[in-house]
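> Would you be able to build a 3D model of this:
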Amino acid sequence: MLTKNPFERKNEQAMPQSSPDSLPSSNFSAKTLIQAGDRFYKERKLVEAQNAYQEASEIDPTNSEAFVKLGHILLVQGKTDAAIAVYQKAIELNPKDIESYNMLSSLLRIKGKRSEAIAVLKKAIQTDSNSVESYRLLGLLLAYEDNLNEASNACNQAIQLDPNYSLGYNCLGIILTSQGKLDEAISTHQTSIKLFSEKYRNSNLDGVGDGLGLAIRYYALSLALTAQGKPREAVNTYNVALKLFEPDLLRILKFSPNSPKASVKYFYRQVPLSPKYFSTLHKQLGIALKDNGQPEEAIFVLQLAKELFAEQNNQEQVAVINNLLKEIESTQ
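Numbers count the residues shown, from 1 in each chain. This is a model prediction of the structure:
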């Protein structure tokens, strides 16, 4: 339980003292401050939005909405520890807020606390057995822990609850790749792409994350194609993913340059991939990109392969990757 806010307001001067939009301290209700924070966020004024939500949480410490929105701002700014504490407070105030459980589990995973993240998701499902997102996130984490049967059950449960849930198929495709069921994995990833592509085309999406969402699906498909021994198709699919991601990266850089999302590596880490199954696939994909004359892309993928091998303490393969990286860098 929190006894105080886990962060300090460092930009008081960013809050002029003249109107509800500029938030004179303590003169407005939490609801008014939250509404102002929403406007600031829409205008990409993250510091002002954070201050508004924080002020709302101080004026009304029982307002779970203020903590949820504050947690999101902190997450966007890369303040992971503070965001974790805020989402924990939001759950304490509103134990039925499934979104906070899901966000908290993702942050705990980022911090390497996978057992805690799994426990949070199981609590979310216990709270709401119809939460498709909780089942998907649980499936991915269980797969990371090499519990593939339970992982598959969780993702299938998400799809059963919502047959049009694109990310559910993406989750299942990753697990099928881990299980070596490659034809089924590729078909499942293609279903995920089809479902999301229809939504992407039909809704005129134009926000940060839209291209990223489709890119993640193509990226996962490229790994399944790599596993199937189809390097040319894998590289072509991976390049589609990169092309989709690039406009989003530019928007993210403009929106929040200090965000952890403002990095190509963020693209690769969107989905928790088990080192046991995906280290070699990244190595193979990196080599295929190198052979295709894409040294920069090869370096990124090989660096991730190196991280995955390092997680397994496989120093022999880490050395192999280092030699590959040196070879590529020497030709640039």
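> only C-alpha atoms for contact and neighbour calcs from this point on.
Fine.
> what residue ranges in the chain score low on pLDDT?
1-27, 200-210, 247-271 (pLDDT under 70).
> ok, how many other residues are close to residue 277?
20 (other C-alpha atoms under 10 Å).
> Let me see the contact set for it.
Counting by C-alpha atoms under 8 Å, 6 or more residues apart in numbering, residue 277 makes contact with residue 178.
> can you do 10 Å?
143, 144, 146, 174, 175, 177, 178, 179, 180, 227, 308 (C-alpha atoms under 10 Å, 6 or more residues apart in numbering).
> cool, and residue 175?
Shown in contact with residue 175 (C-alpha under 10 Å, 6+ apart): 139-140, 142-144, 146-149, 151-152, 155, 169, 181-182, 185, 273-274, 277.
> quick one: which of the contacts of residue 277 is most hemmed in?
For those, the largest number of neighbours (other C-alpha under 10 Å) sits with residue 174, at 32 neighbours.
> List the buried residues of stretch 73-82.
Buried residues in stretch 73-82, counting neighbours by 16 or more other C-alpha atoms under 10 Å, are found at 73, 74, 75, 76, 77, 78, 79, 80, 82.
> among these, which two are most distant?
Of all pairs drawn from the buried residues of stretch 73-82, the greatest distance, 11.5 Å, lies between 76 and 82 (C-alpha to C-alpha).
> re earlier: I would like a PyMOL command selecting only the buried ones among the contacts of residue 175, please.
The buried subset of the contacts of residue 175, as determined by 16+ other C-alpha under 10 Å, is captured in PyMOL by this line:
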select buried, resi 139+140+142+143+144+146+148+151+152+155+169+181+182+185+273+274+277
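> Going along the chain, name the strands of the stretch 201-332 of the chain.
Taking DSSP state E, counting those that start in this stretch as the criterion, the stretch 201-332 of the chain contains no strands.
> Tell me where it has helices.
210-227, 231-255, 264-268, 275-291, 295-311, 315-330 (DSSP state H, counting those that start in this stretch).
> same thing with the stretch 1-150 of the chain?
With helices called from DSSP H, counting those that start in this stretch, the stretch 1-150 of the chain shows them at 30-42, 46-59, 64-76, 80-93, 98-110, 114-127, 132-144, 148-161.
> what helices or strands is the first one leaning on?
Contact analysis of helix 30-42 by 3 or more C-alpha pairs under 10 Å, 6 or more residues apart in numbering; DSSP states H and E lists helix 46-59, helix 64-76 as its packing neighbours.
> Any chance of those helices in TSV with distance to residue 232 as columns?
Shown next, in TSV, are the helices and strands packed on helix 30-42 (distance: least, C-alpha to C-alpha, whole Å):
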stretch	distance to residue 232
helix 46-59	42
helix 64-76	36
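> Among those, which comes closest to residue 118?
helix 64-76 (19.5 Å).
> so how far is the closest one from its chain's centroid?
16 Å (C-alpha atoms, centre = their mean, to the nearest Å).
> Extract the CA atoms of it and return them as PDB.
The C-alpha trace of helix 64-76 is given here as PDB (Å, rounded to 0.1, in the frame of the first residue of the first chain):
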ATOM      1  CA  SER A  64      -8.900   5.600  -8.900                       C
ATOM      2  CA  GLU A  65      -9.300   7.200 -12.300                       C
ATOM      3  CA  ALA A  66      -6.700   9.800 -11.400                       C
ATOM      4  CA  PHE A  67      -4.200   7.100 -10.500                       C
ATOM      5  CA  VAL A  68      -5.000   5.100 -13.700                       C
ATOM      6  CA  LYS A  69      -4.400   8.100 -15.900                       C
ATOM      7  CA  LEU A  70      -1.300   9.100 -14.000                       C
ATOM      8  CA  GLY A  71       0.100   5.600 -14.400                       C
ATOM      9  CA  HIS A  72      -0.400   5.800 -18.100                       C
ATOM     10  CA  ILE A  73       1.500   9.100 -18.300                       C
ATOM     11  CA  LEU A  74       4.300   7.800 -16.200                       C
ATOM     12  CA  LEU A  75       4.500   4.700 -18.400                       C
ATOM     13  CA  VAL A  76       4.700   6.800 -21.600                       C
END
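> quick thing: my sequence starts at 762, can you match it?
From this message on, residue numbering opens at 762, which makes the last subject helix 825-837.
> now the angle from that helix to helix 791-803?
Angle, helix 825-837 to helix 791-803, by axes from the mean of the first three to the mean of the last three C-alpha atoms, to 10 degrees: 20 degrees.
> hang on, the earlier thing: most tightly packed of the helices of the stretch 962-1093 of the chain?
helix 971-988 (a mean of 24; mean count of other C-alpha atoms under 10 Å).
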